[in-house]
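K.L.:
give the three-dimensional model of this entry:
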Amino acid sequence: MMATTAMQLAIDAFGPIADNAGGIAEMSNQEDIVRERTDILDAVGNTTAATGKGFAIASAALTSLALFAAFVTFTGIDGINIFKAPVLAMLFIGAMVPVVFSALAMNAVGKAAMEMVYEVRRQFKEIPGIMEGTGKPEYDKCVEISTNASLREMMLPGVLTIGFPLVITFLPMLFGMDNLMIAEMLGGYMAGVTVSGVLWAIFQNNAGGAWDNAKKSFEAGVMINGEMTHKGSAAHEAAITGDTVGDPFKDTSGPSMNILIKLTCLIGLVLAPILGEGHHTENSSIEEVTPVEITIEATEALVEATTLVITSEEVSN
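P.N.:
This next block holds a predicted model:
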């Protein structure tokens, strides 16, 4: 996976470059043919970006596997038994968390986008000459909206990611539950997040790119039932709605699954020594006492054997 890093960086960079080229061509009033060509390049960029994100989610899955192996080692559990009701419940909750996380992330994108729309409308009303090029827009206001929204709206998903493993670990401890059972519950939760998060990320990366490309296809013209469908048609308006969902799918929610999976497993690994404390104490005490006991028993046996030999020699004399 690490050997493909250079290829991942290259194909990830291609999509945004082509997309920005299309935006620059439109704002600089280039010929229509320029925009058509940049749209084709942007469509290819969406496909390559989805491929690159596939590599990223695969690396996240492998990372979680390594962290999970360390978690099992530290806690001392033999496995995760889903026949136990608490473990199965945590497995379902873990599978649910990526969906809730995605909903919060996409909702945050929608709120920030609406704030940006209101700001742009305000500038068009209050600053004359923006469209003619004589007035200068207040770009810093839009950047401030994006920055503040990204920090403010991501607090809840962050608390959700960090808080759930802590609650699963420490709440059962208050009720006196066995540490090994809690470790299995936390392991079930981590497994649910990993499996559901990987599938959810693959779906979102591919679906988001497909919806974006569908909109560009309608703008270039698509033959539907023998009739050409162009920009401004009902099908194109539907594709714009799909792209409104597809953009946060492929650019926000899908890539964030990597962070969710890695952070969940990492927090589980941090909590593992707490859950395996009794297990390690017991094993360490056995390892320390056993060699001493063996030495003492061997010494006693040697003394008895020596005494027996001396006694038998005295009898023979």
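
K.L.:
strands of the stretch 101-250 of the chain, start to end?
P.N.:
Under the criterion DSSP state E, counting those that start in this stretch, the stretch 101-250 of the chain carries strands at the ranges 222-224, 227-229.

K.L.:
Throw those strands into CSV and include mean neighbour count, distance to Ala103 and mean pLDDT, thanks.
P.N.:
(C-beta placed from N, C-alpha, C; glycine too.) Below are these laid out as CSV (neighbours: other CB atoms under 10 Å; distance: least, CB to CB, whole Å; pLDDT from 0 to 100):
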stretch, mean neighbour count, distance to Ala103, mean pLDDT
strand 222-224, 11, 31, 76
strand 227-229, 11, 32, 76
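
K.L.:
possible to save these as TSV with distance to Gly246?
P.N.:
Output for the strands of the stretch 101-250 of the chain, formatted as TSV (distance: least, CB to CB, whole Å):
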stretch	distance to Gly246
strand 222-224	17
strand 227-229	19
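
K.L.:
Ile80 in helix, strand or coil?
P.N.:
Secondary structure for Ile80, judged by DSSP: H, G, I helix; E, B strand; the rest coil, is coil.

K.L.:
just confirm it contacts Glu184, I think it does.
P.N.:
Yes. Using CB atoms under 8 Å, Ile80 is in contact with Glu184, at 5.3 Å.

K.L.:
shared neighbours of these two, anything?
P.N.:
The contact sets of Ile80 and Glu184 overlap at Val87 (CB atoms under 8 Å, 6 or more residues apart in numbering).

K.L.:
pLDDT of the helix or strand harbouring Gly268, averaged?
P.N.:
Using DSSP states H and E, Gly268 falls within helix 254-275. Averaging pLDDT along helix 254-275 gives 90.

K.L.:
stretch 22-40 now?
P.N.:
Here the average pLDDT along stretch 22-40 is 84.

K.L.:
please write out the alpha-carbon positions of it in PDB.
P.N.:
What follows is stretch 22-40 as a C-alpha-only set of coordinates in PDB (Å, rounded to 0.1, in the frame of the first residue of the first chain):
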ATOM      1  CA  GLY A  22     -12.800  25.000 -15.500                       C
ATOM      2  CA  GLY A  23     -13.800  27.600 -13.000                       C
ATOM      3  CA  ILE A  24     -11.000  30.000 -14.200                       C
ATOM      4  CA  ALA A  25     -12.100  29.500 -17.800                       C
ATOM      5  CA  GLU A  26     -15.700  30.400 -17.000                       C
ATOM      6  CA  MET A  27     -14.800  33.400 -14.900                       C
ATOM      7  CA  SER A  28     -12.300  34.700 -17.500                       C
ATOM      8  CA  ASN A  29     -15.000  34.500 -20.300                       C
ATOM      9  CA  GLN A  30     -13.100  32.000 -22.400                       C
ATOM     10  CA  GLU A  31     -14.700  30.400 -25.400                       C
ATOM     11  CA  ASP A  32     -17.300  27.700 -24.900                       C
ATOM     12  CA  ILE A  33     -15.000  25.000 -26.300                       C
ATOM     13  CA  VAL A  34     -12.600  25.700 -23.500                       C
ATOM     14  CA  ARG A  35     -15.200  25.100 -20.900                       C
ATOM     15  CA  GLU A  36     -16.300  21.900 -22.600                       C
ATOM     16  CA  ARG A  37     -12.800  20.500 -22.600                       C
ATOM     17  CA  THR A  38     -12.200  21.400 -19.000                       C
ATOM     18  CA  ASP A  39     -15.500  19.700 -18.100                       C
ATOM     19  CA  ILE A  40     -14.300  16.500 -19.700                       C
END
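
K.L.:
that stretch: how far from the chain's middle?
P.N.:
Distance of stretch 22-40 from the chain centroid (CA atoms, centre = their mean, to the nearest Å) equals 35 Å.

K.L.:
so how far is Asn213 from Gly226?
P.N.:
As for Gly226, its distance to Asn213 is 22 Å (criterion: CB to CB, to the nearest Å).

K.L.:
more neighbours: those two, which one.
P.N.:
Asn213 (21 against 5; other CB atoms under 10 Å).

K.L.:
I'd say that one and Asn46 touch.
P.N.:
Yes. Asn213 is within contact range of Asn46, at 5.6 Å (criterion: CB under 8 Å).

K.L.:
run the chain-centre distance for the longest helix anywhere in the chain.
P.N.:
With secondary structure taken from DSSP state H, the chain has its longest helix at helix 32-75. Chain-centre distance of helix 32-75: 11 Å, with CA atoms, centre = their mean.

K.L.:
give me the angle between that helix and helix 254-275.
P.N.:
On the basis of axes from the mean of the first three to the mean of the last three CA atoms, to 10 degrees, helix 32-75 is oriented at 10 degrees to helix 254-275.

K.L.:
okay, now the unreliable bits of the protein?
P.N.:
The chain contains residues with pLDDT under 70 at 1, 277-317.

K.L.:
in it, which spans are helices?
P.N.:
Per DSSP H, the chain carries helices over the ranges 5-27, 32-75, 85-126, 139-153, 155-174, 179-220, 234-248, 254-275, 277-316.

K.L.:
distance to Gly133 for the ones you listed - can I get that in a markdown table?
P.N.:
Formatted as a markdown table, the helices of the chain follow (distance: least, CB to CB, whole Å):
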| stretch | distance to Gly133 |
| --- | --- |
| helix 5-27 | 10 |
| helix 32-75 | 19 |
| helix 85-126 | 14 |
| helix 139-153 | 15 |
| helix 155-174 | 39 |
| helix 179-220 | 25 |
| helix 234-248 | 27 |
| helix 254-275 | 36 |
| helix 277-316 | 68 |
